[in-house]
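Asker: Let's see this in three dimensions:
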Amino acid sequence: MTELQVKTQKGSLKKFLAMFLAFCVCLTTVFVDGAFAQAAKQQNTKAGFKKSEYTLPRTDGANVDLSKEITPDNAGTVSEWTSDNAGKITVSDAGVVSLTEAGKTDNGEIKAKITAKISDDTLECTVKVLASDSEEPNPNPPGGGDGDGDEDKPVVSSDAAFKAPEYSLERGGSLNLGDQVSPSNATKTDWSSDDAEKISVTSAGVVTLTAVGEAYKDAFTATVAVKANGKQITCKVNVEAVPTPPDPVVKKDSVTSVTVSPKTLAAKAGETKKVTATVALTSDKDTTITQKFVKTVTWKSDNDKVATVDASGNVKAVAAGTAKITVASTADPTKSDVCTVTVTAEDKKDDEKPADTTVAVSGITLNAKTIYLKTGTKFTAKAAVAPANATNKKVTWTSNKKNIATVNANGVITAKKKTGKATITAKAGNKSAKITVNVVKKAKKTTSVKLSKSKVTLTVKDNFALAATLSKGATSKVKWTTSDKKVASVKDGVVTAKKKGVAVITATADGKSADCVVTVKDAKGKKAATLKVKTKKISVKVKKTKKIKVTLAKKDSVKSYVSSNKKIATVSKKGVVTGKKKGKATIIVTTKKGAVATIPVTVK
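Answerer: The predicted model follows:
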């Protein structure tokens, strides 16, 4: 090889090495750039709402489902939803935003910051409600708010509906309409039937026939309604008629005669005597229906004012006179016989006196003990008289100082212009109760609310008046509520026991409140079973949570958790209590088998 060839070969080798080195550098750059791009893409997938602000319409039942507005789709599960203006704009555990009753009555513009917690992330957005005199734009225009894509598609909608327009309910059976609402996760409240006398609907949407409905033999249809995602939806529930058994077939001349014994009967008014009938047949085998039916008879009196007769032939003498009792074959009504009944007046003893049926009043309770009224204002006093079947339950009202306070026949107390103290007395039978009325010049808000009882046990149909006492000098009006009006209702402090169970009665004034746990027994004196709870009482800070722990019997489960005062504390479907503001409330836990527990809550 010449020297020139060696140099040429070395030069080619250097060029090859240089090109190979450049290719490696390019490959490394592409890989690194791709890695950075992938990392940047992962960093940009942090959870968040699709928009920073949403508009909630004022239309009845409108809501915004923010759970569908979280991006990306795999962001995770929201552990807690909160609203910084929960008094007017509330958010459910499922992320559905809606107006409270206070929000509906506020005609100005309302805003709330909604927060959702996903693991360590906190998502925030604003929900606003325009003033009632504003021209509200459609917050969810077709195709999205600004046409930019899926993030602006409607979020205020209620596409809930029953899966079918009509359903059939079998006699003696039940129908779970709660499972027939689409979507399956729709919030369902306020179940009702337009024929509640025959068809009953539970709070879970289970439909059954009442005793009246079972006794009603003809076919009928009822409309069942429910609020699903804030929208009223309905369906028809059809009940078929009870089949009419075919008329029995009897061979001609199967019944030869019917004979009554005795033929004549004498009785005094008030007495009951028995007559019998004998049915004769051509032959026990000469019938095409059962022997039992062939031998049955019907009874009838031609004068029920003198004597009546039942299906067994028992004749009751009513008043002096004569009546004919006819007995006829059921299979062949042409075969019959007659018993003549003669009734004479009942003998009365000279010293006989009518029984005393009066029931004395055993007590009277009032909805107040001491009140303060500004001059010129009024207060309606209410009384509950015990027992419920007392003969004379009429209440009379009197005032010992009419120049300071008067009271009318309905218990309405009026403060006069003169300040001072007067005593109002309510009397029923030989029992009475009093209210001390202090008439003052200036109105004053209360700093506390106390009830005359914290626990009361009543029997169905009983009434009891709870007395609410405010702080000294307070003239505030008290608002009364019940946790379950089907168990115990309340009006102006008077509690009426409805059915067996437990309800909490709450008295509220100027943001202060007090509870009374009412246990209702049935007519036999039985009350709902007590649910065992590991959480005897709860103390929680504002915006903090605590979980209720219960001990359930076999094959039993929790039916509901209810808070007596949602402004103080709320409770989720899973028993998680959240403190809302400082105060006290009561949580009522009910199981599907009817066991009940009450848990006091203090929010600090």
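
Asker: Find the centremost residue of the protein, please.
Answerer: When Cα atoms, centre = their mean is applied to the chain, the residue found nearest the centroid is residue 203 (5.8 Å).

Asker: ok, now which ones touch the nearest residue to that one once chain neighbours are set aside?
Answerer: Distance criterion Cβ to Cβ, 6 or more residues apart in numbering; nearest residue to residue 203, sequence neighbours excluded, is residue 191 at 6.2 Å. Quick note: C-beta positions are derived from backbone N, CA and C, even for glycine. Neighbouring residues of residue 191 by Cβ atoms under 8 Å, 6 or more residues apart in numbering: 177, 201-205, 224-226.

Asker: Pipe these into CSV and attach secondary structure, distance to residue 414 and pLDDT per row.
Answerer: Shown next, in CSV, are the contacts of residue 191 (DSSP: H, G, I helix; E, B strand; the rest coil; distance: Cβ to Cβ, whole Å; pLDDT from 0 to 100):
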residue, secondary structure, distance to residue 414, pLDDT
177, helix, 51, 94
201, strand, 45, 94
202, coil, 45, 93
203, coil, 42, 89
204, coil, 48, 89
205, coil, 48, 92
224, strand, 47, 95
225, strand, 44, 95
226, strand, 45, 94
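
Asker: State the pLDDT value of residue 25.
Answerer: Model confidence at residue 25, given as pLDDT, is 47.

Asker: now swap in residue 461 and tell me
Answerer: 89.

Asker: and it, helix, strand or coil?
Answerer: Taking DSSP: H, G, I helix; E, B strand; the rest coil as the rule, one finds residue 461 in the coil state.

Asker: Look at it and say how many residues are nearby.
Answerer: Per other Cβ atoms under 10 Å, the neighbour tally for residue 461 reads 13.

Asker: same question, residue 549
Answerer: Residues near residue 549, counting by other Cβ under 10 Å, number 9.

Asker: On the pLDDT front, check the residue nearest to residue 203 for me.
Answerer: Note on residue 191: pLDDT of 94.

Asker: Would you agree it falls within a helix?
Answerer: No. Counting by three-state DSSP, residue 191 is not part of a helix but strand.

Asker: From residue 65, how far out is it?
Answerer: According to Cβ to Cβ, to the nearest Å, residue 191 and residue 65 sit 22 Å apart.

Asker: Repeat that for residue 114.
Answerer: Distance of residue 114 to residue 65, given as Cβ to Cβ: 12 Å.

Asker: show me the contacts for residue 274.
Answerer: Contacts of residue 274 by Cβ under 8 Å, 6+ apart are 312-315.

Asker: Would you mind measuring from it to residue 214?
Answerer: 32 Å.

Asker: and if you look at residue 81?
Answerer: Distance, residue 81 to residue 214, by Cβ to Cβ: 44 Å.

Asker: Comparing these two, which shows the higher neighbour count?
Answerer: More crowded of residue 81 and residue 214, by other Cβ under 10 Å: residue 81, with 22 against 14.

Asker: Without its sequence neighbours, what residue ends up closest to the more buried one?
Answerer: Residue 81's closest residue in space is residue 91 (Cβ to Cβ, 6+ apart), at 4.5 Å.

Asker: Could you do residue 473 as well?
Answerer: residue 444 (4.8 Å).

Asker: what residues are up against that neighbour?
Answerer: 372, 473-476.

Asker: isn't residue 262 right next to residue 313, touching?
Answerer: No. Counting by Cβ atoms under 8 Å, residue 262 sits too far from residue 313 to count as a contact (11.3 Å).

Asker: shared neighbours of those two, which are they?
Answerer: residue 275.

Asker: These two: which is more packed in?
Answerer: Neighbour count, other Cβ under 10 Å: between residue 262 and residue 313, residue 313 has more, with 18 against 12.

Asker: Look up how far residue 300 lies from the more buried one.
Answerer: Relative to residue 300, and taking Cβ to Cβ, residue 313 is found at 11 Å.

Asker: picking up where we left off before, ok, which pair from the contacts of residue 191 is furthest apart?
Answerer: Between any two of the contacts of residue 191, the greatest separation by Cβ to Cβ is 14.9 Å, found for 204 and 225.

Asker: all helices for this protein, in order.
Answerer: Assigned by DSSP state H, the helices in the chain fall at 3-43, 101-105, 211-215, 291-294.

Asker: now the contacts of residue 444: which count as buried?
Answerer: Among the contacts of residue 444, those that count as buried by neighbour count (16 or more other Cβ atoms under 10 Å) are 372, 474-476.

Asker: Hmm, residue 331 is touching residue 255, no?
Answerer: Yes. Residue 331 lies in contact with residue 255 (Cβ under 8 Å); the separation is 5.4 Å.

Asker: Give me the more crowded residue out of the two.
Answerer: Of the pair residue 331 and residue 255, residue 255 is the one with more neighbours under other Cβ under 10 Å, namely 24 against 21.

Asker: Run through the bridge partners of that one.
Answerer: In this entry, residue 255 is beta-bridged to residue 281, by DSSP bridges.

Asker: Also residue 233?
Answerer: Beta bridges link residue 233 to residue 226, judged by DSSP bridges.

Asker: For residue 307, give me its contacts.
Answerer: 267, 301, 315-318, 323, 325, 341, 343 are the contacts of residue 307 under Cβ under 8 Å, 6+ apart.

Asker: quick one: low-confidence parts of this structure?
Answerer: 1-45, 133-158, 245-253, 283-294, 347-356 (pLDDT under 70).

Asker: Now with 80, please.
Answerer: For the chain, the stretches flagged by pLDDT under 80 are 1-46, 59-61, 132-159, 244-254, 281-295, 346-357.

Asker: So which residues of the stretch 301-450 of the chain form strands?
Answerer: Secondary structure of the stretch 301-450 of the chain (DSSP state E, counting those that start in this stretch): strands at 307-309, 314-317, 321-329, 336-344, 363-366, 370-374, 378-380, 383-386, 396-399, 405-407, 412-415, 420-428, 431-440, 449-451.

Asker: you'd agree residue 545 is up against residue 576?
Answerer: Yes. At 5.3 Å, residue 545 counts as touching residue 576 under the criterion of Cβ under 8 Å.

Asker: What is the burial count for residue 419?
Answerer: For residue 419, the neighbour count with other Cβ under 10 Å is 14.

Asker: Quick check: bridge partners of the closest residue to it other than its chain neighbours?
Answerer: Closest residue in space to residue 419, ignoring its immediate chain neighbours: residue 439 at 4.9 Å, by Cβ to Cβ, 6+ apart. According to DSSP bridges, the partner residues bridging residue 439 are residue 373, residue 420.

Asker: Please name the residues that touch residue 266.
Answerer: The neighbourhood of residue 266, defined by Cβ under 8 Å, 6+ apart, consists of 341-344.

Asker: Relative to residue 342, how far out is it?
Answerer: Counting by Cβ to Cβ - residue 266 and residue 342 are separated by 5 Å.

Asker: Same check on residue 204?
Answerer: From residue 204 over to residue 342 (counting by Cβ to Cβ), the distance is 61 Å.

Asker: Now do the strands in the stretch 101-250 of the chain.
Answerer: Using DSSP E, counting those that start in this stretch, strands in the stretch 101-250 of the chain cover 110-118, 121-129, 161-162, 166-168, 174-176, 181-182, 188-193, 199-201, 206-209, 220-228, 231-239.

Asker: Nearest approach to residue 385 belongs to which of these?
Answerer: Among the strands of the stretch 101-250 of the chain, strand 199-201 comes nearest to residue 385, with 31.5 Å by Cβ to Cβ.
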